[in-house]
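Q: from the sequence below, what's the structure:
(2 chains)
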2 protein chains.
Amino acid sequence: MPRPPAHASRDGVQRGSIDAVLRTRYAGTRKLRLNYELVGAAMAPVVLVAGGISAHRHVAANAVDPSAGWAQGLLDAGRTLDPAKLRVLAFDYVGADGSIDAPIDTADQADAIALLLDALGVDVLAGYVGYSYGALVGLQLAVHHPQRLRKLVAVSGVHRPHPYAAAWRALQRKAVALGRLQCADEQGLSLARQFAMLSYRTPEEFAERFDAAPEVCNGQVRVAAEDYLDAAGAKFVARVSATAWLRLSESIDLHRVDPAQVGVPVSVIAVEGDRLVPMDDAVALIEGLAGRGRLRVLRSPYGHDAFLKETDRINALLASELFAGSAVTGPAIGVSA
Amino acid sequence: MPRPPAHASRDGVQRGSIDAVLRTRYAGTRKLRLNYELVGAAMAPVVLVAGGISAHRHVAANAVDPSAGWAQGLLDAGRTLDPAKLRVLAFDYVGADGSIDAPIDTADQADAIALLLDALGVDVLAGYVGYSYGALVGLQLAVHHPQRLRKLVAVSGVHRPHPYAAAWRALQRKAVALGRLQCADEQGLSLARQFAMLSYRTPEEFAERFDAAPEVCNGQVRVAAEDYLDAAGAKFVARVSATAWLRLSESIDLHRVDPAQVGVPVSVIAVEGDRLVPMDDAVALIEGLAGRGRLRVLRSPYGHDAFLKETDRINALLASELFAGSAVTGPAIGVSA
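A: Residues are numbered from 1 along each chain as shown, chains lettered A, B, ... in the order given. Below you'll find the model as predicted:
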C-alpha cells in the first residue's frame, strides 16, 4: 500500500507540513518541518489532540489516510470530537523523526504548536486534549501561550514526572544504550519498549491474560506474557527510531511546570491504577491550579493506557470536560454529556 | 580481609558443607555441596531462615564470620530468633554458585533442605522463616516434607508467581541475554538488577529519596535515582554470577504449589504495597490453606524489601507467629509477643 501523501486535502481533511524556526531550550535554534493533520468542518472551532511520545498527527482514519490512527474511534460521528462539528488538529512531535539528538523540552513542543497555529491561521484553540506526553505539552502551552487555548483536558499527565516513573524510564534508556554497545539498537529498543509496556498496563490485566504456567523450552523458562511482550517490542522497533524515542523519553523526565503559572482552566483526568502518574500527583496539580482545576477519576484495568483502550469512557469524560469552564459555546460545538 | 573458612566451628557457630546427591526436576541427578551455617545454643530447637534468591547461609555476623549478613539485626540477643535460645540454620541455595545451568525447581531446594537436615541430624525444624524465594521453598518443604517442619512463616512469597511479576522478571533475564550478545555480561546483569530494584521498592520511597530535578550532562538527561540504581547494579554484579542469578530468577517463575497440599500450619506475612506479591494472592493462599493459614499484613514504604528493612516489625511479627499454631513450646524457646 502506498504511503499517504505528506501534503493533501480532501473531504475536510488537510494533511501537510509547515517550515518553522524553533528556538529550543537545549538543542539551539533549529529549522524544523512540522507535520500536521487538520480534520473537520471548515471554519469550525479547532481542538488539538496530542498523544503519548509514540503518537503522531494521524489520530484516526480519514479521507486522505484510511489507515487506523493512534486513537481510532475517538473522532467518529456522534463523538465529542466529531469532525462534523469541530476541526481536530494533531501534529508530529518535534524530534519524532529522530533529527534532534539533544534534550527536548516539553516547552519546546508548546512553542512549536504556537508556530503551527500561526501558520494555519488559528488564533485560539477551543480546546486541547492531551494524553500522557500530550498532557505535559498542553500544560506548557497553558503556561507559555495561554492566549492560544481556552481549555485544557490533561489525561494521565501532570506537572512533573514521578521520581519512580522517571527511574523506570531511565532504565529503559539504559536498555537502548546496552543494545547500542554492540550495534544491536533494535534489540535494545525492543527491550526498552517491553519494560515500558509494564508501566503502561496493570497487574490486573496481566493476571487475566497471562495466568498460564511457564514453559521450559530449550532449557530455559519462558513465562506466559513473553510472546505478547516480544510482539509489542518488534512492532515498536519497526516504526520508531531509537534516537527519537530516547529524546522524547528524556523529555518526559525534563518536564517541570509550576501549576500556579497555568493560565487556562484545566480538567485533569487521572486513572486509578496508573503506574506512571499516581493519583497523589494529580491531586497536587489540582491543588496548585487553585480554582482553575477540576479532577475526574477513571478506574480502568488498562492503567496509563486507558486513554487508548477506554474510548467510550474517555469520550464521555471529554463531553463533560472539554468545554466546561471555558467561554466557548455555540451551535457549531453542541457538546453535551 | 581473608575470607572466613568454609568449615569452622566456634562459640556455638557451625559453618560447613555437606556433600549430597539430589534428584532434580529439570537438571538431572546432581552431586552437590550444600553450604550452611548453624548458629546458636547446642541442643536448642532449630529454625531455618531462608531469604531471597540473592541471600545465602550468612544471615548475620557471628563468631566465625564477623561480616554483616543479609538480615543483620534479626538474630540479636533479645530477638525472637535469639541464638541464645534457638539454633538458626541457613544455607546457600542450590544453583547459587552458578554450577547448574538448567531450570531449578523450588521443590528441588526443599529436597536439598531435607538432605541437609538428614546430614545435620535434625529431625524436625521447630520453625521455618522464609522471605521471598525462601517462602516459596518453605511452601514446597511443607508440601513434600511436612514431617520436617512444625510451622512455616512465609513472608512476601506465596503459592504462585503473579503473571505481572513473572513478566517483570522475564524482562530482567532478557537484559542479561542482551548483555551476553556482546560478552557484556556484567552490564546486562547490572541492568537486570536495577530493574529488579524497582520491583523490590515502592514509588513512595522513590518520591521521598529522589525528588530532585534531573541533570543534563554530556547532552543526556540523568534522573535523580540513577546514581543509586547504578550503585545497586555494580554492587550486585560484584558478588553474583549471571548464570546463578538467571536460574534462580527462573526458579521463582516455575514455582507452583497447591495450597491444599500444604501439610503444616502457615503464617503468611504480606506487605501492602509489595509490587511483586499482591495482597490478593496472599489472600488466595490463605483461602487455599483453609484452617491451616493465618494472614498478617504489614504496611511498609519498602514494599517487597520490608523483611530486610523493617527488622523491628518483622521481629515482632515473628514473635507472635513463629510458634503460633504449632505444637512446639517449651522453656528453650520462651517466645512471646
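
Q: now do the strands in the stretch 101-250 of chain A.
A: Under the criterion DSSP state E, counting those that start in this stretch, the stretch 101-250 of chain A carries strands at the ranges A:127-131, A:152-155, A:215-217, A:220-222.

Q: what residue in chain A is the furthest from its centre?
A: Among the residues of chain A, the one whose C-alpha is farthest from the average of all C-alpha positions is A:Gly219, by C-alpha atoms, centre = their mean at 40.9 Å.

Q: need the CA coordinates for stretch A:247-258. PDB is fine.
A: Coordinates of the C-alpha atoms in stretch A:247-258 are reproduced here as PDB (Å, rounded to 0.1, in the frame of the first residue of the first chain):
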ATOM      1  CA  ARG A 247      15.000  12.000  23.200                       C
ATOM      2  CA  LEU A 248      11.200  12.000  23.800                       C
ATOM      3  CA  SER A 249      11.600   9.700  26.700                       C
ATOM      4  CA  GLU A 250      14.100  12.100  28.200                       C
ATOM      5  CA  SER A 251      11.700  14.900  27.500                       C
ATOM      6  CA  ILE A 252       9.200  13.500  29.900                       C
ATOM      7  CA  ASP A 253      11.800  13.500  32.700                       C
ATOM      8  CA  LEU A 254      12.900  17.000  32.000                       C
ATOM      9  CA  HIS A 255       9.300  18.200  32.300                       C
ATOM     10  CA  ARG A 256       8.500  20.700  35.100                       C
ATOM     11  CA  VAL A 257       5.600  23.100  35.300                       C
ATOM     12  CA  ASP A 258       4.600  25.300  38.200                       C
END
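
Q: other residues contacting stretch A:191-205?
A: Contacts of stretch A:191-205 with the rest of the structure, by C-beta atoms under 8 Å, 6 or more residues apart in numbering or on different chains, involve A:165, A:168-169, A:171-173, A:175-176, A:178-179, A:229-230, A:232-233, A:236-237, A:245, A:273, A:275-276, A:301-305, B:162-165, B:167-168, B:171, B:174-175, B:178, B:195, B:278. To be clear about C-beta, it is placed using only N, CA and C from the backbone, and glycine gets the same treatment.

Q: ok so, going back, in TSV, list the strands of the stretch 101-250 of chain A along with distance to chain B, mean pLDDT and mean neighbour count.
A: Formatted as TSV, the entries for the strands of the stretch 101-250 of chain A read as follows, by distance: least, C-beta to the nearest C-beta, whole Å; pLDDT from 0 to 100; neighbours: other C-beta atoms under 10 Å in any protein chain shown:
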stretch	distance to chain B	mean pLDDT	mean neighbour count
strand A:127-131	21	98	29
strand A:152-155	20	98	30
strand A:215-217	5	94	11
strand A:220-222	4	96	19
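
Q: about what we covered before: quick one: contacts for the residue farthest from the centre of chain A?
A: Contacts of A:Gly219 by C-beta under 8 Å, 6+ apart are B:Asp101, B:Ala102, B:Pro103.

Q: flag the shaky bits of the stretch 201-337 of chain A, pLDDT-wise.
A: Scanning the stretch 201-337 of chain A with the threshold set as pLDDT under 70 gives A:325-337.

Q: start and end of stretch A:124-138, how far apart?
A: Distance between the boundary residues of stretch A:124-138 (C-alpha to C-alpha, to the nearest Å) amounts to 13 Å.

Q: pull out the buried positions in the longest helix anywhere in chain A.
A: Ranked by residue count under DSSP state H, the longest helix found in chain A is helix A:163-180. Applying a neighbour-count criterion of 16 or more other C-beta atoms under 10 Å in any protein chain shown, the buried positions in helix A:163-180 are A:163-179.

Q: cool, stretch A:54-62 as well?
A: By neighbour count with 16+ other C-beta under 10 Å, stretch A:54-62 contains the buried residues A:Ser54, A:Ala55, A:His56, A:Arg57, A:His58, A:Val59, A:Ala60, A:Asn62.

Q: endpoints of that stretch, how far apart?
A: The distance separating the two terminal residues of stretch A:54-62, taken as C-alpha to C-alpha, comes to 20 Å.

Q: for A:Ser17, see how far away A:Val158 is.
A: If you measure A:Val158 against A:Ser17 using C-beta to C-beta, to the nearest Å, the figure is 31 Å.

Q: nope, A:Val155 is what I meant
A: When C-beta to C-beta is applied, the distance between A:Val155 and A:Ser17 equals 27 Å.

Q: then A:Tyr131?
A: When distances are taken as C-beta to C-beta, A:Tyr131 and A:Ser17 turn out to be 23 Å apart.

Q: same question for A:Thr29.
A: According to C-beta to C-beta, A:Thr29 and A:Ser17 sit 19 Å apart.

Q: so between the two, which is more surrounded?
A: Each of A:Thr29 and A:Ser17 had its neighbours counted (other C-beta atoms under 10 Å in any protein chain shown), and the higher figure belongs to A:Ser17 (17 against 9).

Q: which helices and strands does the helix or strand containing the more buried one pack with?
A: Element membership of A:Ser17 [criterion: DSSP states H and E] is strand A:13-23. Under the contact criterion of 3 or more C-beta pairs under 8 Å, 6 or more residues apart in numbering or on different chains; DSSP states H and E, the helices and strands touching strand A:13-23 comprise strand A:8-10, strand A:29-40, helix A:106-120.

Q: is the longest one anywhere near chain B?
A: If I follow you right, that is helix A:106-120. No: remark: helix A:106-120 sits outside contact range of chain B, by C-beta under 8 Å from any C-beta of the partner chain, the gap being at least 12.3 Å.

Q: in that helix, what counts as buried?
A: Along helix A:106-120, the positions that meet the burial threshold by neighbour count (16+ other C-beta under 10 Å) are A:106-117, A:120.

Q: and the angle from the strand holding A:Ser17 to strand A:29-40?
A: Taking axes from the mean of the first three to the mean of the last three C-alpha atoms, to 10 degrees, one finds that strand A:13-23 is oriented at 160 degrees with respect to strand A:29-40.

Q: no further questions, thank you.
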